[in-house]
Structures are given as structure tokens and as C-alpha cells.
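In: Sequence and predicted structure below; questions after.
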Amino acid sequence: MALASPIRVLVREHRKQLMLTYTLFGLEMLASLLRPYLVGVAVDGLIAGSYRGLVELSIAHLLYLVIGTARHMYDTRTFSAIYTTFVTRLLAQPAGAEELSRRSALSTLARQVTDFLEFDVNYLVEAFYNIVGSLVLLFVYDHEVVMICLVILAAVAVLGRGYGIRASRLNKEQFDELEQQVDIIAGQDPVAMKKHYRRLRVLQVRISDLEAKNFGATELLVLFALSGSLLVASHERGVAMPVGSIIALYTYVLRFASGLETIPYAIQRLGALRDIMRRLAE
């Protein structure tokens, strides 16, 4: 069986539902992305005595609200059905008693696959909008700010790659240990159980420490992106820049920074998914 066959089959069977929910989320993010620009237009319009920008902002926000509400309600129905299909198919395959521990671990992995489709894909799409969408709109306000953001983006990508390699190694060790859990519990050996849970604890601490160190390094780069962008924009444009445009520019820099924070998480999750797919395909 190919490495990604289980998830490919799952996606193919539920492609219509997934296409609809991801389309709704894309539209939701587009409306969200445009809001800072429309806030800027509304502020400049109100200063000039015009209410047109405020009306446009209100319409965009209402669209965001309606689409987001509908998407959240549809998501629950879609992904609960996907999980039920996936886990029952995995556990319905014939297996001996010696496979019980691995089957228990696979049911947990099936939940993680479904969570990836439900939450992580949206998280990645949101990061794309925050990074790429913000860069496109920042280009409208100040080209030099975009160049600073691109340099920081490259640095975060390099940092994230190293983090992803180390995180994947630790995730693999954690999954290997979890596959033995049911057998260890069934053996009722206090020493073995203590060793097993101590090993899980050590791995969890190592994963958490790695995340914390990567978070610190990423946030330092985010600080450079924020301070550098704001200094350049203020120096270049100063008070000559309309108030609404200043608000929009600063908001898009913040959104870009938020997208940067997603890169290490995305790399870690994709690495974990590859390992899960390998185990499901065995």
C-alpha cells in the first residue's frame, strides 16, 4: 500500500464535503484579509466626511460572519463522519490478539489524521493568507516593508526546517512508545508500566522544550520584522501617510508576523502526518 493511500482514499470519498468546507474557509479568510484595508478606507473616509468606506467595511464583516457561522456548523458534520468512516475501517480489519496494542494506537492516529484535515489544513490556509496576502497588500503601502518581511520570512523558514527535523524524530519515538501501551498495561508489570510512562514523560518534556526554544527564536525574528517594518514605514512616509493607511499597514505587518509564527508548527505537523501515514500503511 502506498504511503499516503489511507488519506487519499478518505479524501476521495469525501471530496465534495471537503471541497465545500475548504472553499467556505477560503472565502472566510479572504473577507478577513480585506478587513484591515477596508478599516483604513473607512477611517480616511470618515475623516473626509464620507460613510461609503464604513458601509463597505460593514458588508465585508457581515459576509465574514455569515460564512464563518455556516462553515463551523458544516465542519462538525463533515469531520465527525470522516472520523467514523476512517476509524471503523481501520479497526474492522482482521487481527490477532498480539495486534491489540497497535490497533489501539492506530485508533489514536486516525483521530490525529481527522484533526489534521479539520484543523491543521485550515490553520495552514490561514497562515498562507496572513503571509502571502499581507505581503501583497503591504506592497500597496510600502515596498521597503515588503523586502524586510521577505528577509525575515526566509530566516524563519530556515529555522523551521531544522526544528521540523528534530521534532519528527521525537514524534516517531513517541508514537513507537504509544504502540506498546496496551500490551504493557495488559502485562500488569508495575516496573514496565513505570518505565513506559516515564519514557513518555521524558519525550513530552523534550518535545515541549524544543517547541519553547523554537518559539523564542521565532518570536525574536518576529520582533525584528515588526520593529524594522514600522521604523522604515514611519521614516519613509511619516505624517504624510493617511491615518487609515497607517492603521492598515501596521495591521498587515501584525498579520504577517502571526503567519510567521505558524511556520514551525506547520513543519512539525506535516512531519508527524508523514509518520502517521507510514504507520497506517504498514
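Out: Here it is on my side, so go on.
In: Heading C-terminal from the lowest-mean-pLDDT helix or strand in the chain, find the next helix or strand.
Out: Every helix and strand of the chain was ranked by mean pLDDT, DSSP states H and E. The lowest is helix 100-115, at a mean of 68. Next along the chain after helix 100-115, taking DSSP states H and E as the criterion, comes helix 121-128.
In: tell me which residues in that following helix are buried?
Out: Residues of helix 121-128 classed as buried by neighbour count (16 or more other Cβ atoms under 10 Å): Val121, Asn122, Leu124, Glu126, Ala127. From N, CA and C alone the C-beta is placed, and that goes for glycine too.
In: Would you check which pair of those lies furthest apart?
Out: Using Cβ to Cβ, the buried residues of helix 121-128 reach their maximum pairwise distance at Val121 and Ala127, which is 10.8 Å.
In: what sits against Tyr123?
Out: Going by Cβ atoms under 8 Å, 6 or more residues apart in numbering, Tyr123 touches Thr262, Tyr265, Ala266.
In: just for the stretch 101-250 of the chain, where's the confidence low?
Out: Residues of the stretch 101-250 of the chain that meet the criterion pLDDT under 70 lie in 101-109, 233-241.
In: Now do Ile207 against Asn130, distance only.
Out: Note on Ile207: its distance to Asn130, by Cβ to Cβ, to the nearest Å, is 25 Å.
In: do the same with Ala272
Out: With Cβ to Cβ as the criterion, Ala272 and Asn130 are 22 Å apart.
In: Could you do Thr262 as well?
Out: Plainly put, Thr262 is 7 Å away from Asn130 if you go by Cβ to Cβ.
In: more neighbours, the two?
Out: Per other Cβ atoms under 10 Å, whichever of Thr262 and Asn130 has more neighbours is Asn130, with 23 against 20.
In: how about the nearest residue to that one, chain neighbours excluded?
Out: Nearest residue to Asn130 in three dimensions, chain neighbours excluded: Gly259, at 3.2 Å (Cβ to Cβ, 6 or more residues apart in numbering).
In: Pull the number of nearby residues for the one you found.
Out: Gly259 has 24 neighbours, counted by other Cβ under 10 Å.
In: name the element it belongs to?
Out: Element membership for Gly259, per DSSP H and E: helix 243-281.
In: if we can go back for a sec, can you tell me which of the buried residues of helix 121-128 lies nearest to Leu221?
Out: Closest to Leu221, out of all of the buried residues of helix 121-128 and judged by Cβ to Cβ, is Ala127, at 15.2 Å.
In: Could you verify my assumption that the closest one touches Gly259?
Out: Yes - look at Ala127 against Gly259 with Cβ atoms under 8 Å: they come within range, at 4.7 Å.
In: which residue sits farthest out from the middle of this protein?
Out: Gly49 (40.7 Å; Cα atoms, centre = their mean).
In: Per-residue pLDDT of that residue, please?
Out: For Gly49, the pLDDT comes out at 88.
In: What values do phi and psi take at it?
Out: Backbone torsions for Gly49, taken as degrees, to the nearest 10, come to phi 90, psi 20.
In: so how far is Thr76 from it?
Out: Gly49 is 46 Å from Thr76, by Cβ to Cβ.
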